[in-house]
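In: compute the structure for the input listed below.
(one chain, ligands or ions: 2)
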Amino acid sequence: MERAAQYFDEASSADVVNARMSDDADARLRQVMSVLVKHLHAAVKEIEPTHEEWFTAIRFLTETGQMCTDWRQEYILLSDILGVSMLVDAINHRRPSGATPNTILGPFYVANAPEYSNGENICLDGKGEPMMVEGCVTDIEGNPIPNAKLEVWQTNDDGFYDVQQKGIQPDSNLRGVFTSDAEGRYCFKSVKPRHYPIPADGPVGKLLAAMGRHPNRAAHLHFIVTAPGFEPVITHIFTPDCPYLTEDAVFGVKRELIADFNKVDDARAAKRAGFSSPFWSVSWDFTLANSSKAEQAIP
Ligand code: BEZ
Ligand code: FE
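Out: Ligands and ions are numbered 1, 2, ... in the order given. This is a model prediction of the structure:
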């Protein structure tokens with residue numbers, strides 16, 4: 001269809017830009033770009049930036065791109081601290097009530113971590129307060145799911161992941177893969193996680209500081225739990241005593257993911273669990289939702 005030629009002016013700016021898009025452009029791209037242009041122009045009209053301020057924004061985006069490498073994704077970090085990563089995750093993982101909710105993946109997941117037998121210890125540097133985590137993987141009706149794969153990873157007691165401290169921490173420190181047994185049970189030893197800052201030495205860290213925000217994540221353990229026929233769960237469990245629970249830098253905390261951490265200060269119980277000192281006992285069950293029919297069809 002012929003479009004009326006329209007020159008650009010302040011009032012009609014977004015409409016003029018969007019009218020340039022071809023009817024032949026991919027329908028989803030048209031939708032995405034027209035919404036983005038509409039809201040971007042509305043934001044610029046509300047903010048009324050000076051040229052200098054607009055250039056500061058351009059420089060920030062340039063530096064964010066320049067910070068990106070194979071192992072450092074500063075744009076994802078930006079999306080994280082703006083709450084966009086959690087919003088996209090929420091939109092894409094609306095689960096039935098009772099199912100374990102998702103939260104952010106984070107940049108420190110490593111595929112193919114070492115496989116362990118239930119009960120083994122993933123802490124290889126001997127630092128931190130010993131912890132035993134055990135529980136069950138079930139479906140929504142409470143039926144156990146045997147052979148579920150549980151991938152776990154966390155920081156060490158200094159607040160760093162192994163991949164952030166190559167040559168300082170043992171390789172694969174505090175990460176491993178467990179498999180639920182015939183009753184759906186899993187169990188492993190580790191150390192109580194502590195809070196730690198997200199990487200804050202780049203433009204996103206500077207932006208956080210300029211906004212008067214701290215970079216800390218509430219103390220957590222990461223999990224990916226998968227089983228055939230069920231929706232994979234990418235999640236965390238959080239310690240209940242962390243001062244950053246309600247102000248996690250990336251908005252990753254959900255009330256349902258805060259676990260009970262019980263201190264066991266009994267020499268015989270410690271010995272039975274294979275510890276020589278008091279330890280933290282965490283009981284945590286994962287509840288998986290059935291995957292949709294379409295997903296189940298994927299081999
Ligand atoms: C993490 O939990 O590992 C993480 C998540 C988002 C940004 C940085 C780190
Ligand atoms: Fe983390």
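In: domain parsing of this protein, as residue ranges.
Out: According to automatic domain parsing, the chain comprises the domains 1-48, 78-296.
In: quickly check: the longest one near ligand 1 or not.
Out: Pointing back at domain 78-296 there. Yes: applying C-beta under 6 Å from any ligand atom, one finds domain 78-296 touching ligand 1 at 80, 104, 106-108, 198, 217, 250. All C-beta spots, glycine's among them, are computed from the backbone N, C-alpha and C.
In: and of those residues, the nearest to ligand 1?
Out: Gly106 (2.8 Å; C-beta to the nearest ligand atom).
In: weakest of the domains of the chain in terms of mean pLDDT?
Out: Among these, domain 1-48 carries the lowest mean pLDDT, a mean of 92.
In: just how off-centre is it within its chain?
Out: Counting by C-alpha atoms, centre = their mean, to the nearest Å, domain 1-48 is centred 33 Å from the centre of its parent chain.
In: for the residue lying closest to Ile47 once chain neighbours are set aside, phi and psi?
Out: Distances taken as C-beta to C-beta, 6 or more residues apart in numbering put Glu53 closest to Ile47, at 7.9 Å, once the chain neighbours are dropped. With angles defined as degrees, to the nearest 10, Glu53 sits at phi -60, psi -40.
In: got it, and Ala111?
Out: Backbone torsions of Ala111, given as degrees, to the nearest 10, read phi -70, psi 160.
In: same thing with Phe286?
Out: phi -110, psi 130.
In: contacting residues around Asp139?
Out: By C-beta atoms under 8 Å, 6 or more residues apart in numbering, the contact set of Asp139 is 145, 230, 287-290.
In: so of the residues you listed, which ones are in strands?
Out: 287-288 (DSSP state E).
In: now a ChimeraX select for only the buried ones of the contacts of Asp139.
Out: Buried members of those, defined by 16 or more other C-beta atoms under 10 Å, are picked up in ChimeraX with:
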select :145,230,287,288,289
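In: list just the nearest of the contacts of Asp139 to Glu10.
Out: Ala289 (48.7 Å; C-beta to C-beta).
In: that closest one: what's it in contact with?
Out: Counting by C-beta under 8 Å, 6+ apart, Ala289 touches 95-96, 99, 139-140, 230-231.
In: can I get those residues in TSV including distance to Arg213?
Out: Formatted as TSV, the contacts of Ala289 follow (distance: C-beta to C-beta, whole Å):
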residue	distance to Arg213
Arg95	29
Pro96	34
Ala99	31
Asp139	39
Ile140	37
Phe230	36
Glu231	32
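In: roughly how far apart are Gly202 and Ile81?
Out: Taking C-beta to C-beta, to the nearest Å as the measure, Gly202 falls 11 Å from Ile81.
In: can you check Thr226 too?
Out: Separation of Thr226 from Ile81 (C-beta to C-beta): 28 Å.
In: so between these two, which is more surrounded?
Out: A count of neighbours by other C-beta atoms under 10 Å puts Ile81 above the other of Thr226 and Ile81, at 21 against 15.
In: wait, doesn't the more buried one sit right on Ala209?
Out: No: counting by C-beta atoms under 8 Å, Ala209 is not a contact partner of Ile81; they are 11.3 Å apart.
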